[in-house]
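# could you work out the structure for the sequence below:
(4 chains)
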2 protein chains.
Amino acid sequence: MSTEDGAKAPIRRRERGERRMAQIVEAAAVVLVERGYENANTNLIAAQAGISPGSLYQFFRNKEEIARAVARNYAAIFAEALDQAFLIEIADLPVEAMVDRIVDTLIAVNVAHPALRTVFRGWDAPPGLAEAIRPLQEGIIDRVTMIVARRLPGLAEAERRVIATVTIEIFRGLVPLVLLSDTERRPVFTRELKRALTSYIAAAETDAALHVR
Amino acid sequence: MSTEDGAKAPIRRRERGERRMAQIVEAAAVVLVERGYENANTNLIAAQAGISPGSLYQFFRNKEEIARAVARNYAAIFAEALDQAFLIEIADLPVEAMVDRIVDTLIAVNVAHPALRTVFRGWDAPPGLAEAIRPLQEGIIDRVTMIVARRLPGLAEAERRVIATVTIEIFRGLVPLVLLSDTERRPVFTRELKRALTSYIAAAETDAALHVR
DNA sequence: GGTTTATGCGAGTCATAACTCGCAAAAGAG
DNA sequence: CTCTTTTGCGAGTTATGACTCGCATAAACC
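Numbers count the residues shown, from 1 in each chain, chains lettered A, B, ... in the order given. Here you go, the predicted structure:
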């Protein structure tokens, strides 16, 4: 809401400006990712974008708003990847195949956009920013919960969410291992990531089947 | 080494001083954990310790050295917990019992010292500090690798380390879930944490048994 | 007691970095 | 070709916060 339009002057002509904003966001992402929010300074961002420090403030009210734009940008990229990974019919595949497809898709985005990880993890949060990410995370939990629901109809909703949450956290915990490893180790860790997810889900499913009987 | 004795003036009388240093470290931990390194200021640390800003520098050369002392302090606490959790004979227990004991011990320390998590995870690293933690992490990998070796003698060393690393990362990924949940959900997440570890280790073991034949 | 050394203070210094301001150039709109 | 509005600049302002300095007190050692 506060980011879409200024208070007094609605700023009309936006054609070149939009491009500049994109250019700034891109530059800011580079600087923010490699230095973190607190250690990144606006002069550096301006330099990276090839413009003057003053020009930054033509488009963004302050440093935090720049960071928010970066986060929003990557949130969009990631959301698209999620749409691709979580098609509904995927829940009907056997566990191995399902895990395979989802993991491959999500790893691919992270490889294509290395900044993704840093933006959503190791970032010292400009106070209101962590909460701007929250809805995205909730969305992921919802999707996974729906898949769990489809596979284990007998389970209580609360239990489903627990299983979904744990699955996601296993993934998030192991992703850095995959991304930070060199090209020869990467397939090994990817395989182990899949094994971890598969075995956990399988265990949860057999356990649930036993209890419901 | 550099922290034990100053360069020129070896500072003799240490009785009251040692207590002050401990007091400062304790105060610094509080401030650093709740604000992060960059957002914590030395005046606040001094205030929290109930002393003057100038007095900080009687004992520590700069802000980073204070942070290092905090990290060293918690590293010691954690190392002790590791000694307790990883007794050698634990490798001979069945998987469930082993996971049970290790997880319970480690969760207990983290509950007793909530700052532990923050110090080792969500912390914007004063540049040289991340590497000061590294040896501790290597130590953990070594211990787990040894257990894996005991349980799966037929496996190559490289494979063992991979399995150990993944196991640890699963743990680290799920610990926040346990620690940040309220008292009623905590046992649920603890159970799931154990399930995740148990199923992964079991899967790795059966898989290894098949391949080695 | 007298001397020395660690401890304690807090106002002041200094560097850093977010942000402003006045002014110039360029891009529509008429 | 004017007039308006957006874009662009970069030196200057200002707040913040790490760290110093000169000076007081308290504890050891003689």
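# contact distance from chain B - what residues of chain A qualify?
Contacts of chain A with chain B, taken as Cβ under 8 Å from any Cβ of the partner chain, map to A:36, A:38-39, A:124, A:162-163, A:165-166, A:169-170, A:172-174, A:176-177, A:188-189, A:192-193, A:195-196, A:198-200, A:202-204, A:207. C-beta coordinates here come from the backbone N, C-alpha and C atoms, glycine included.
# rerun at 6 Å
By Cβ under 6 Å from any Cβ of the partner chain, the part of chain A that sits against chain B consists of A:36, A:38, A:124, A:162, A:166, A:169-170, A:173-174, A:177, A:188, A:192, A:195-196, A:199-200, A:203.
# for PyMOL, write the select line for the buried members of those.
Per 16 or more other Cβ atoms under 10 Å in any protein chain shown, the buried members of the residues of chain A next to chain B correspond to this PyMOL selection:
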select buried, chain A and resi 36+124+162+166+169+170+173+174+177+188+192+195+196+199+200+203
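# backbone phi and psi for the residue nearest to A:A164 when sequence neighbours are not counted, please?
Beyond its immediate neighbours in the sequence, the residue positioned closest to A:A164 (Cβ to Cβ, 6 or more residues apart in numbering or on different chains) is A:V144, lying 3.8 Å away. Per-residue torsions, A:V144: phi -60, psi -40 (degrees, to the nearest 10).
# what about A:V144, how many residues close to it?
Burial measure for A:V144: 22 neighbouring residues, criterion other Cβ atoms under 10 Å in any protein chain shown.
# now the one 4 residues further on
Each residue near A:V148 was counted by other Cβ under 10 Å, and the total is 24.
# show me what the longest helix anywhere in chain A is packed against.
Among the elements of chain A assigned as helix by DSSP state H, the one spanning the most residues is helix A:186-212. Packing partners of helix A:186-212 (3 or more Cβ pairs under 6 Å, 6 or more residues apart in numbering or on different chains; DSSP states H and E): helix A:95-112, helix A:157-180, helix B:157-180, helix B:186-212.
# can you tell me the closest non-neighbouring residue to the closest residue to chain B within chain A?
Among the residues of chain A, A:G173 lies nearest to chain B; the distance is 2.0 Å by Cβ to the nearest Cβ. Using Cβ to Cβ, 6+ apart and skipping residues adjacent in sequence, the residue nearest A:G173 is B:G173, 2.0 Å away.
# ok, the residue minimising distance to the centre of chain A to B:S181 distance?
Centroid check for chain A by Cα atoms, centre = their mean gives A:F78 as the closest residue, at 5.0 Å. Distance of A:F78 to B:S181, computed by Cβ to Cβ, to the nearest Å: 25 Å.
# re earlier: list the contacts for the residue nearest to A:G173?
Counting by Cβ atoms under 6 Å, 6 or more residues apart in numbering or on different chains, B:G173 makes contact with A:E169, A:I170, A:G173.
# point out where chain A drops to low pLDDT.
When residues are selected by pLDDT under 70, those of chain A lie in A:1-13, A:212-213.
# compute the inter-axis angle for the host helix or strand of A:F78 and helix A:95-112.
Under the criterion DSSP states H and E, the helix or strand holding A:F78 is helix A:63-85. Orientation note: helix A:63-85 sits at an angle of 150 degrees relative to helix A:95-112 (axes from the mean of the first three to the mean of the last three Cα atoms, to 10 degrees).
# buried ones in helix A:63-85?
The neighbour-count check on helix A:63-85 (16+ other Cβ under 10 Å) flags A:63, A:65-71, A:73-75, A:78, A:81-82, A:85 as buried.
# okay if I get the contacts of B:G173 as JSON lines plus distance to A:Q137?
Written out in JSON lines, the entries for those read as follows (distance: Cβ to Cβ, whole Å):
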{"residue": "A:E169", "distance to A:Q137": "11"}
{"residue": "A:I170", "distance to A:Q137": "15"}
{"residue": "A:G173", "distance to A:Q137": "14"}
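# show me how far the helix holding A:F78 is from its chain's centre.
Going by Cα atoms, centre = their mean, to the nearest Å, the spacing between the C-alpha centre of helix A:63-85 and its chain's C-alpha centre is 7 Å.
# how about stretch A:116-126?
So, by Cα atoms, centre = their mean, the centroid of stretch A:116-126 is 10 Å from its chain's centroid.
# A:A112 - how many residues pack around it?
A total of 10 residues lie near A:A112 under the criterion other Cβ under 10 Å.
# cool, the one 4 residues further on as well?
Each residue near A:L116 was counted by other Cβ under 10 Å, and the total is 22.
# how about the host helix or strand of it as PDB, C-alpha atoms only?
With elements taken from DSSP H and E, the one containing A:L116 is helix A:115-120. Included here for helix A:115-120 are C-alpha records, laid out as PDB according to Å, rounded to 0.1, in the frame of the first residue of the first chain:
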ATOM      1  CA  ALA A 115      20.200 -14.700  -4.300                       C
ATOM      2  CA  LEU A 116      16.900 -16.400  -3.400                       C
ATOM      3  CA  ARG A 117      18.400 -18.300  -0.600                       C
ATOM      4  CA  THR A 118      20.200 -15.300   0.900                       C
ATOM      5  CA  VAL A 119      17.200 -13.100   0.700                       C
ATOM      6  CA  PHE A 120      14.900 -15.500   2.500                       C
END
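# residues in contact with that helix?
The list of residues contacting helix A:115-120 from outside it, by Cβ under 6 Å, 6+ apart, reads A:A29, A:V33, A:A71, A:Y74, A:N110, A:L179.
# can you list those residues in CSV and add distance to B:D100?
Output for the contacts of helix A:115-120, formatted as CSV (distance: Cβ to Cβ, whole Å):
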residue, distance to B:D100
A:A29, 44
A:V33, 40
A:A71, 40
A:Y74, 39
A:N110, 33
A:L179, 32
